[in-house]
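> Okay, predicted coordinates and the sequence, questions at the end:
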Amino acid sequence: MNTTDIHDILNDEKAWLESHPSMQPWDEGCRRVVTLLEDCLRRYSKMVRERAVGAADVDRSVYLARLWECLGYHWRDALAFSPSDGQISASQVAEWIAAGRGYRRGGQLGGDPLRDMVLAVAMVGKDQRAPRVFEEDYHAFACGLAAKIHRQLAVDPDCWWNDLLDHLAGYSGGAARLDRFSGRCALRNWLGTVVWNFLRRWRLASGESPEIDDIPGPSPLPNESLDHFAEIVRLAVATLSPRERLMLALVYVDGLKKNEAAAMLGLHPAQVTRSLEKALPRLENAIREIAATRLNKEACTGVFEDLRGNPPMFAARLREALEEGREQP
């Protein structure tokens, strides 16, 4: 988002918000949404911050903007995936996700993303209480991941814990990874991959790396970057022609050789090769263009960093999107 003024943000999203009954008339609807966000901020600040937020809080606009990023995403999901005939309100969505329930993919968020958003912003804002709350919530979880990577990491978590906090909150002046958290799931789920990738690159006291490439067994995901990527790639696949989608699915999902795909389509193998040579760059460009328009710069960068760090999991999402987009020409 390019602004933290909540009224400007709501006006930017007027195209989908304005038609909702709870947003009419527009100015009153916006006031109701802002009041809801302020109530969330006050309630969650008491849980995770050193002091409750007030009207004079210099970070108030940041908190409200980030809370809306979370609530707005789940409200759009509610309107798209719940049998509510478009009547579900923002306050109903807030209650639903506060209970750890979402509107897609089984609806398990792993916790309250609104509360977690306030904690994430407080961490980056160097609130004095937030790191203590974060440690109470996630230290044991991080140690559990460390034990799966290397015994030494689990035996001596003090050697990496403070550096992990710095990686997440940017205390030493570097980029704060928590700035990329947008509340599509709860923080625990989002942290799974972030902590895993941090620890598997950690240098042990011996100077060696744990040298683990992939998450073993059941993954500690879902990862928010995977959710972002899955949504973006579905839109990108839809920009291709039905024949291109089918070719890609046959070759990259079904694993057919190009001459086998050509035989199924009644084409010369050279035609399939040429079509794929054109379709793949177009798909890649579409993914990057859609990502740039739907995500802020930090989130977009984070998605592609995660993609490079764990390509097999992202490849699985790409195959799923190709399978969903498969159509007969």
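On my side now, so go ahead.
> Tell me the gap between whichever strand or helix holds residue 134 and the middle of its chain.
For residue 134, the element it lies in under DSSP states H and E is helix 130-149. Computed by CA atoms, centre = their mean, to the nearest Å, the chain-centroid distance of helix 130-149 equals 20 Å.
> can you check stretch 77-95 too?
Chain-centre distance of stretch 77-95: 20 Å, with CA atoms, centre = their mean.
> buried stuff in it?
Within stretch 77-95, the residues that count as buried by 16 or more other CB atoms under 10 Å are 77-79, 82, 88-90, 93-94. To be clear about C-beta, it is placed using only N, CA and C from the backbone, and glycine gets the same treatment.
> Same list, those, but as CSV with distance to residue 128, pLDDT and secondary structure please.
Output for the buried residues of stretch 77-95, formatted as CSV (distance: CB to CB, whole Å; pLDDT from 0 to 100; DSSP: H, G, I helix; E, B strand; the rest coil):
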residue, distance to residue 128, pLDDT, secondary structure
77, 35, 86, helix
78, 36, 89, helix
79, 39, 87, helix
82, 39, 73, coil
88, 38, 91, coil
89, 36, 93, coil
90, 31, 96, helix
93, 31, 96, helix
94, 27, 97, helix
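> the bottom helix or strand of the chain by mean pLDDT?
helix 297-309 (a mean of 65; mean pLDDT, DSSP states H and E).
> Tell me the first helix or strand C-terminal of the helix holding residue 134.
Once the chain leaves helix 130-149, the next helix or strand it forms, by DSSP H and E, is helix 151-155.
> so where's the stretch 1-150 of the chain uncertain?
Of all residues in the stretch 1-150 of the chain, those with pLDDT under 70 make up the ranges 1-2, 52-58, 83-86, 105-106.
> can you do 90?
Low-confidence segments of the stretch 1-150 of the chain, defined by pLDDT under 90: 1-4, 16, 19, 50-59, 76-87, 102-110, 144-150.
> so what's the residue lying closest to residue 318 once chain neighbours are set aside scoring on pLDDT?
Using CB to CB, 6 or more residues apart in numbering and skipping residues adjacent in sequence, the residue nearest residue 318 is residue 233, 5.6 Å away. As predicted, residue 233 sits at a pLDDT of 82.
> just residue 183 next, same as before
Confidence score, pLDDT, at residue 183: 92.
> Identify the residue nearest it in space, chain neighbours excluded?
In space, and not counting its chain neighbours, residue 183 is closest to residue 70: 2.8 Å by CB to CB, 6+ apart.
> Could you list the buried residues of the lengthiest helix in the chain?
Across the chain, the longest stretch assigned as helix under DSSP state H is helix 269-294. By neighbour count with 16+ other CB under 10 Å, helix 269-294 contains the buried residues 272-273, 275-276, 279, 283, 286-287, 290-291.
> same thing with stretch 246-260?
Buried, per 16+ other CB under 10 Å, within stretch 246-260: 246-252, 256, 258.
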